[in-house]
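> model this:
(one chain, ligands or ions: 1)
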Amino acid sequence: MNFIDYPDDELMAVHLANTLAGELTAALEHKDRVLFVVPGGTTPGPVFDSLCDSDLDWSRVDVLPSDERWLPEVHVRSNSRLIRERLMVGRAAKARFLPLYRKSETPEPVLAELEEAISPALPINVCLLGMGSDMHTASLFPGADNLETALDRYGPVLVPMRAKDVPEPRLTLSARVLRDALALHVVITGQAKKAALDRARSLEPVKAPVAAVLEEATVHWAP
Ligand SMILES: O=C1O[C@H](COP(=O)(O)O)[C@@H](O)[C@H](O)[C@H]1O
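Numbering: from 1, shown residues only. The predicted structure follows:
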């Protein structure tokens, strides 16, 4: 794991956005289309604000959420909504969005359809993840019903997930797919998440799911 700490979150957003733009540009030199995975939640907004006007060929970038809260896209908690409103604007509006949601009460009936839509775009070229202070990343939550499947090294691409205290069903990329990303970053802010990261480094992924991706990752932290 590589760890970068920044004096504040504004500097982190700008620096991280530059890093991601550089990696996307480099990937576009070798591939026709590149796959960029991004998180939802509260942390990545400022990174998206800085990244969306980067001068790169967004028309050849596929943007895929790391996980989705099973809610209509108009819902304020929808990860897709955040990504569309904060990342896929300005120059980045030309990117193609690969949703992890279809209109259905639960993820299971549309799982195969979604997996079929995203599998041809794999592996991930550039991946940005968030982390909760409970040590979850994407929707790999400690104690979640399908965590074992999602952590399996031969596991599927997508895994539906339900966890205590998580208000809606989730759909998440599996640890295997995230770990296979050619460039992998985790962005976190605040002392509580720094303490959670330190704790996760000495735990098994089944207790601290973020540990499943840390070895390959660069973690960006600001107070
Ligand atoms: O529920 C989720 O949480 C994580 C972390 O979110 P944050 O609000 O603490 O930044 C996020 O990375 C994930 O995409 C989201 O579904």
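> which residue sits closest to residue 214, ignoring its sequence neighbours?
Counting by C-beta to C-beta, 6 or more residues apart in numbering, residue 214 lies nearest to residue 1, which is 4.8 Å off, once chain neighbours are set aside. No exception for glycine: its C-beta is placed from N, CA and C like everyone else's.
> Please verify my assumption that the one you found contacts residue 217.
Yes: taking contacts as C-beta atoms under 8 Å, residue 1 lies within contact range of residue 217: 5.8 Å.
> Tell me which of these two has more neighbours.
residue 217 (22 against 14; other C-beta atoms under 10 Å).
> Could you find the closest non-adjacent residue to the more buried one?
Nearest residue to residue 217, sequence neighbours excluded (C-beta to C-beta, 6+ apart): residue 184, at 4.6 Å.
> who touches the residue nearest to residue 214 in this structure?
201, 214, 215, 217, 218, 219 (C-beta atoms under 8 Å, 6 or more residues apart in numbering).
> Please state the offset of the longest strand along the chain from the chain centre?
The strand of greatest length in the chain, counted in residues with DSSP state E as the criterion, is given as strand 183-189. Centroid displacement of strand 183-189 relative to its chain, using C-alpha atoms, centre = their mean, to the nearest Å, is 9 Å.
> Residues contacting that strand, please?
Outside of strand 183-189, the residues within contact range by C-beta under 8 Å, 6+ apart are 9, 12, 16, 19-20, 23, 27, 39, 43-44, 47, 125-131, 137, 178, 194, 197, 210, 213-214, 216-223.
> again with stretch 105-115
Taking C-beta under 8 Å, 6+ apart as the rule, stretch 105-115 contacts 70, 99-102, 104, 156-158, 160, 169-171.
> and the end-to-end length of it?
Using C-alpha to C-alpha, to the nearest Å, the gap from the first to the last residue of stretch 105-115 comes to 17 Å.
> quick one: is it near the ligand?
No: with C-beta under 6 Å from any ligand atom as the measure, stretch 105-115 is seen stopping short of the ligand, the closest distance being 13.4 Å.
> So for that stretch, what gets flagged as buried?
Counting neighbours by 16 or more other C-beta atoms under 10 Å, one finds that the buried residues in stretch 105-115 are 107, 110, 111, 114.
> What is the most widely separated pair among the residues you listed?
Pairwise distances across these (C-beta to C-beta) peak at 7.8 Å, for the pair 107 and 114.
> about what we covered before: show me which residues of the longest strand of the chain are buried.
Counting neighbours by 16+ other C-beta under 10 Å, strand 183-189 gives 183, 184, 185, 186, 187, 188, 189 as buried.
> could these be laid out in a markdown table, adding pLDDT?
Converted to a markdown table, the buried residues of strand 183-189 look like this (pLDDT from 0 to 100):
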| residue | pLDDT |
| --- | --- |
| 183 | 98 |
| 184 | 98 |
| 185 | 99 |
| 186 | 99 |
| 187 | 98 |
| 188 | 98 |
| 189 | 98 |
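> ranges for the strands of this structure?
For the chain, the strands identified by DSSP E occupy 2-5, 34-38, 61-65, 67-69, 96-97, 126-129, 158-161, 170-173, 183-189, 218-222, in order along the chain.
> TSV for these, including distance to the ligand?
Supplementary listing: those in TSV, determined by distance: least, C-beta to the nearest ligand atom, whole Å:
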stretch	distance to the ligand
strand 2-5	17
strand 34-38	8
strand 61-65	7
strand 67-69	5
strand 96-97	15
strand 126-129	6
strand 158-161	10
strand 170-173	7
strand 183-189	8
strand 218-222	12
